[in-house]
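[1] Build me a model from this:
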Amino acid sequence: MSVVVINAVTVPQERREQFEERFAARAGQVGAAGGFEAFELLRPAEGSDRYLVYTRWRTREDFEAWMKSTRFAAGHRQHAEGGPVSRESEVWQFEVLQAEYA
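    Model prediction:
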C-alpha cells in the first residue's frame, strides 16, 4: 500500500502569500520523483494558520529517496535563501489502509 506524508506548516497570516508563491515557483518538481503518486497543498480554512502539504508515495523508500534528491535540496534551498516564512513544521507519516476515489 501507499505511504502518505503530511507536512503541517504553521504560517502567519502576513506570510501566507509568500508561502504560496514559493510552492507555485517549484510546481511539478516532486512529480518527477520515482514512486511519487500525489501532491496537494491545502490552505487553512478560517480560524487556522496551519497549511498541510500532502504527498503520497508508492513506498517509504521512494519518499526517503526524494528527501535525499538534488531537486528536494534545490526547492528547500530557496526557503533558506529567502528566509523562513513559517513558524513551525511537523511531519506526519501514514500507511494507506483503505482508499476510495471518484
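[2] For the closest residue to Ala32 other than its chain neighbours, give me its contacts.
    Spatial nearest neighbour of Ala32, chain neighbours left out: Arg71 (6.9 Å); criterion: Cβ to Cβ, 6 or more residues apart in numbering. C-beta coordinates here come from the backbone N, C-alpha and C atoms, glycine included. Applying Cβ atoms under 8 Å, 6 or more residues apart in numbering, one finds that Arg71 lies in contact with Gln29, Val30, Ala32, Ala33.
[3] Is Arg71 in a helix, a strand, or coil?
    Three-state call for Arg71 (DSSP: H, G, I helix; E, B strand; the rest coil): helix.
[4] re the thing from before, and which of the contacts of Arg71 is nearest to Arg60?
    Nearest to Arg60 among the contacts of Arg71, counting by Cβ to Cβ, is Ala33 at 13.3 Å.
[5] Columns distance to Glu21, pLDDT and secondary structure on top of the contacts of Arg71, output as a markdown table?
    Converted to a markdown table, the contacts of Arg71 look like this (distance: Cβ to Cβ, whole Å; pLDDT from 0 to 100; DSSP: H, G, I helix; E, B strand; the rest coil):
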| residue | distance to Glu21 | pLDDT | secondary structure |
| --- | --- | --- | --- |
| Gln29 | 15 | 85 | coil |
| Val30 | 17 | 90 | helix |
| Ala32 | 21 | 90 | helix |
| Ala33 | 22 | 93 | coil |
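[6] which of these are buried?
    Gln29, Val30, Ala33 (16 or more other Cβ atoms under 10 Å).
[7] Would you format the residues you listed as JSON lines with distance to Thr10 included?
    Compiled in JSON lines, these are given as follows (distance: Cβ to Cβ, whole Å):
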{"residue": "Gln29", "distance to Thr10": "23"}
{"residue": "Val30", "distance to Thr10": "21"}
{"residue": "Ala33", "distance to Thr10": "25"}
